[in-house]
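Q: model this:
(chains A, B and C)
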Amino acid sequence: MKTQIAASAFALIASGAYGEALERTIPDAVGRVSPALEAYSRDDLLGSVWAGPQLSLRDRALVTFATLVTRHESDNLATHIELALDAGVTPAELSETVTHLAFYTGWGNAVAAARAMAPIFEARGIAAESLPPADPALLPLDRNAEDARENFVRGTFGDVSMGVVDTTRELLFRDLWLRPDLAPRDRSMVTVAALIATGQSEQMTFHLNRAMDNGLTQEEAGAMLSHLAFYAGWPKVFSALPVAKQVFESRSN
Amino acid sequence: MKTQIAASAFALIASGAYGEALERTIPDAVGRVSPALEAYSRDDLLGSVWAGPQLSLRDRALVTFATLVTRHESDNLATHIELALDAGVTPAELSETVTHLAFYTGWGNAVAAARAMAPIFEARGIAAESLPPADPALLPLDRNAEDARENFVRGTFGDVSMGVVDTTRELLFRDLWLRPDLAPRDRSMVTVAALIATGQSEQMTFHLNRAMDNGLTQEEAGAMLSHLAFYAGWPKVFSALPVAKQVFESRSN
Amino acid sequence: MKTQIAASAFALIASGAYGEALERTIPDAVGRVSPALEAYSRDDLLGSVWAGPQLSLRDRALVTFATLVTRHESDNLATHIELALDAGVTPAELSETVTHLAFYTGWGNAVAAARAMAPIFEARGIAAESLPPADPALLPLDRNAEDARENFVRGTFGDVSMGVVDTTRELLFRDLWLRPDLAPRDRSMVTVAALIATGQSEQMTFHLNRAMDNGLTQEEAGAMLSHLAFYAGWPKVFSALPVAKQVFESRSN
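A: The predicted structure follows:
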C-alpha cells in the first residue's frame, strides 16, 4: 500500500470537518475480519483517493452517494448521507439527487434512500418545507436539443411503447432535468455514476456527452472513474473506460 | 407533473380495494426528504401509470413484485406483497412466482422474498397446505419446441457445462415451466420483467417471443416497459426497447 | 424433481460436518410460502448440485459466498459464512476473499460482508491478530505478464484516467493479487464468480483465462457455471456460457 503518500494525505483529510464522517464510512467490523481491508480503506481509499485534487471532495461525496443508492446499499447509506452533508452537498441537492435517481435507477432505490435520510434530516433540523418544492419555477428548456431528442426517440420507439416516449418527455426532459435545485452538471454526474454502477455502458455515450456539455471536465470525468472503481468495483469501470475514451476523442475533434 | 390527469385517476384508483395498499408502497419518509418525489409518486406513478388501461392492475402488481424480488429490495417487498394480494394476484401465483424467480434471478432473492412473505401469509391465514404442492400434475409438454431448444443448447454448450444443459432441461423446461399454478403467460411476464430489471437485454429475445407465444399482447408488453421504467429505472428500459422493437417487427412479418 | 437421485445424495451430504450448515441456508420461511421451492432446495440444490463431484464442496461454498457478497445479499450472508467455514474455507481465506471482492465488486459489498462476518468470527474465537496482516510478504510477481498487461492498459486508457491505470497496477496487480493467503486460483475463481453474478461477460475472457492459468480446470469451471445458475440465476449463466466456450476452445488449440 502506498502508505508513504497516504499518511500525510489522510492527516490533511482528517483535519477537515468531514474527516470523521469519512472515517465512519468504514465500520469497526472491517478491521475485525480483515486488517488488510482496513489498511486499504484508511491508507488508499480514504487517505489517497478521496484526497485526489482532480475532483472536489463535495463531488466525490455526491457520486459515492449516488453509487450506493443505485446499488441499493441500504445498510451503507446513513454514513454516506452524513458524509455528503458534511462535505458540502446541500440538503436541497441531496433531496433532488434522490428524486433524480428514482427515475434513473428505480423507485425502490429512492424509497430506501429516503428511509435512511429522513432520520438524519430530522436530527439536523432539516424540515421538508425548507427543501425544493414539488413544482418550482423550472430552468429554461433548450427546445432545439429537446425536439431533436424527442423526435429520435419517438421515431425509433414510438410504436414499441408510447408510454415510455411520453413519460420520458413530460417527466424527465421537460420537468426533472429542469428542476433548479440540482445543477444540470450535477444531475449529469449522478446519472453517469448510476450508469457506471449498473454496468450500462451502452447508455453512457449520451449522458457523458451531456455531462460535459453541462460543464463536467474531462479531468473530473477521469477522476470519477478512478473514484468509482472503489465503490462500484473495478470491472464496472473497465467496462466504462472504452465509452469514456470514445466520448473524449469524439469531442476533441 | 401531469397533475390534471392525475387527480381524477388517483381518485379512481384510491376507490379500489388496493388503493390504500398502493399508497403504502410510498412511506412517509419520501415526503420528508423530497416533496417532489412524493408528488411524482402520488400524481404520476400511482395516479397515472398504475391507472393505465393497457395493462391490468393485477399484472402491474405482479411485474412490480417480480422486479423488486429481482433487485433484492428486501426492504420494499412487504408493501408490494400486500399490494399484489390486494390487486388480485392469488397466494398460489405469488408462491409460484417466488419459486420461478429463484431459478431466473438467483436463490437468495427467493429466500429474501420468502422471509418477507411468510409473516404476511400467516397474518392472512394462508397455510402452506393451501399452496401449490411440490409435485403437481404438470401441464403438457410441447415436445417439438422443447426438443428443438434442448438440441440447440446441448449442441452449443454441451461441452462447456453439461450440468447447465441437464438442469435447464430437467428442472426448468420439463418441470418448472409446466407447473400449473402460474399461467405460462405470467411465468413469461415475470421472466421478462426480471431480464429488464437486470439489464440482460441479450437474453430477452427468446423470452419476449415466448411471452407473446404464451399470450402476452404487444400492447401489454409496451405498457410493461413503460411501467417498469419507474421500478427498474429509465436506462434499463431504454436498453430493452431495441430488443422489444426487433421482436415486435419480426413477429409482424 | 430428481428425488430418486437426491435422496441418497442428500443423506451423504447431511452426514458431513457441513450438512446442517447447508440446510440452514434455506430458512423455514421458504417452506411456508412455497412447498415447491423447499423441495427444489432440498432435493435438487442441496441434495444434488452441492453433491456434484466436479467441484469440491469447499470450492462450491467459496464461490457461493463470493456470489452473495457480489449481489449484496446482506440478509443471506450469515448462513453462508458459517457454511463456508464448516466446508473448509479457512478464516484467512474468507478474510482475503472479502478484501479481494472490495476491489472487484465495490467497497460497500465488502463492508456489508464484514458486518455479517465479525460476529461469527467472534463467536468462533477468530481474532483479527490471527488473520492475514495488512503487509505480508508478497508472492513473486510475473514481471513479463504484468508489464504486458500494464502497457496495454496504460496505452489504451492512460489518457482517459491515469488514476485507474495507476491504482490497477499498484493496488491490484502488484499487491492484492500477490497476497499469499488466498491462492491465485481461488482469487481467480471468486473474481470469475463475481463477473458471472454481475453479468459482466465482457470482462470474463481475461479472468477466466487467468483462472485456468492459475490452475482452475475446465471441468471445475463448467461445474461452477452449473452451480452458480442457482445462485446468480439462469440468465446470468447463459450470458457467460458463450464466453466460457470461446475461452475453452481458444485454449485447446
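Q: could you find the closest non-adjacent residue to the residue of chain A found nearest chain C?
A: Relative to chain C, the nearest point of chain A is A:Ser226 (2.8 Å; C-beta to the nearest C-beta). For glycine as for every other residue, the C-beta is placed from the backbone atoms N, C-alpha and C. Nearest residue to A:Ser226 in three dimensions, chain neighbours excluded: C:Gly163, at 2.8 Å (C-beta to C-beta, 6 or more residues apart in numbering or on different chains).
Q: re earlier: would you mark the buried spots in the one helix or strand the residue of chain A closest to chain C maps to?
A: A:Ser226 belongs to helix A:218-232 when elements are defined using DSSP states H and E. Neighbour-count burial for helix A:218-232, counted by 16 or more other C-beta atoms under 10 Å in any protein chain shown, picks out A:218, A:220-232.
Q: can you map out the helices along chain A?
A: Ranges of helices within chain A are A:3-15, A:19-23, A:28-33, A:35-39, A:57-70, A:77-86, A:91-105, A:107-123, A:143-157, A:162-167, A:184-197, A:204-213, A:218-232, A:234-252, based on DSSP state H.
Q: B:Thr70 is nearest to which of the ones you listed?
A: Nearest of these to B:Thr70, taken as C-beta to C-beta: helix A:107-123 at 10.7 Å.
Q: how about that closest one and chain C, touching?
A: No: judged by C-beta under 8 Å from any C-beta of the partner chain, helix A:107-123 stays clear of chain C, getting no closer than 11.8 Å.
Q: just the pLDDT for A:Ser8.
A: On pLDDT, A:Ser8 comes in at 50.
Q: please see if stretch A:235-246 touches chain B.
A: No: shown here: stretch A:235-246 not in contact with chain B (C-beta under 8 Å from any C-beta), separated by at least 11.8 Å.
Q: now stretch A:138-156
A: Yes: counting by C-beta under 8 Å from any C-beta, contacts between stretch A:138-156 and chain B involve A:Thr156.
Q: re earlier: does the residue of chain A closest to chain C touch A:Ser48 like I think?
A: No: under the criterion of C-beta atoms under 8 Å, A:Ser226 makes no contact with A:Ser48, lying 10.6 Å away.
Q: tell me the residues of the stretch 151-253 of chain A that contact chain B?
A: Selection of the stretch 151-253 of chain A residues close to chain B by C-beta under 8 Å from any C-beta yields A:156-157, A:159-164, A:167-168, A:170-172, A:175, A:179, A:194-195, A:198-200, A:202-203.
Q: can you turn the buried part of those into a ChimeraX selection?
A: Buried residues among these (16+ other C-beta under 10 Å), as a ChimeraX selection:
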select /A:157,160,161,162,163,164,167,168,170,171,172,175,179,194,195,198,199,200,202,203
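Q: list the helices and strands the helix holding A:Ser226 packs on?
A: For helix A:218-232, the packing partners by 3 or more C-beta pairs under 8 Å, 6 or more residues apart in numbering or on different chains; DSSP states H and E come out as helix A:57-70, helix A:184-197, helix A:204-213, helix A:234-252, helix C:91-105, helix C:107-123, helix C:162-167.
Q: keeping just the C-alphas, turn the longest one into CSV.
A: Extracted as CSV, the C-alpha positions of helix A:234-252 are listed here (Å, rounded to 0.1, in the frame of the first residue of the first chain):
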residue,chain,number,x,y,z
TRP,A,234,-13.0,-2.4,-10.9
PRO,A,235,-14.8,-4.4,-13.7
LYS,A,236,-17.6,-1.9,-13.9
VAL,A,237,-15.1,0.9,-14.5
PHE,A,238,-13.2,-1.2,-17.1
SER,A,239,-16.4,-1.6,-19.0
ALA,A,240,-17.0,2.2,-18.9
LEU,A,241,-13.4,3.2,-19.9
PRO,A,242,-13.8,2.4,-23.7
VAL,A,243,-17.0,4.5,-23.8
ALA,A,244,-15.3,7.4,-22.0
LYS,A,245,-12.4,7.1,-24.4
GLN,A,246,-14.6,7.3,-27.4
VAL,A,247,-16.6,10.3,-26.0
PHE,A,248,-13.4,12.2,-25.1
GLU,A,249,-11.9,11.5,-28.5
SER,A,250,-15.1,12.5,-30.4
ARG,A,251,-15.2,15.8,-28.5
SER,A,252,-11.6,16.7,-29.2
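Q: so what touches it?
A: Residues from elsewhere that reach helix A:234-252, judged by C-beta atoms under 8 Å, 6 or more residues apart in numbering or on different chains: A:195-197, A:199, A:201, A:204-205, A:208-209, A:212, A:218, A:221-222, A:225-226, A:228-229, C:103-106, C:156-157, C:159-161, C:164, C:168, C:172, C:194-195, C:198, C:200, C:202-203.
Q: since that was my last question, I'll sign off now.
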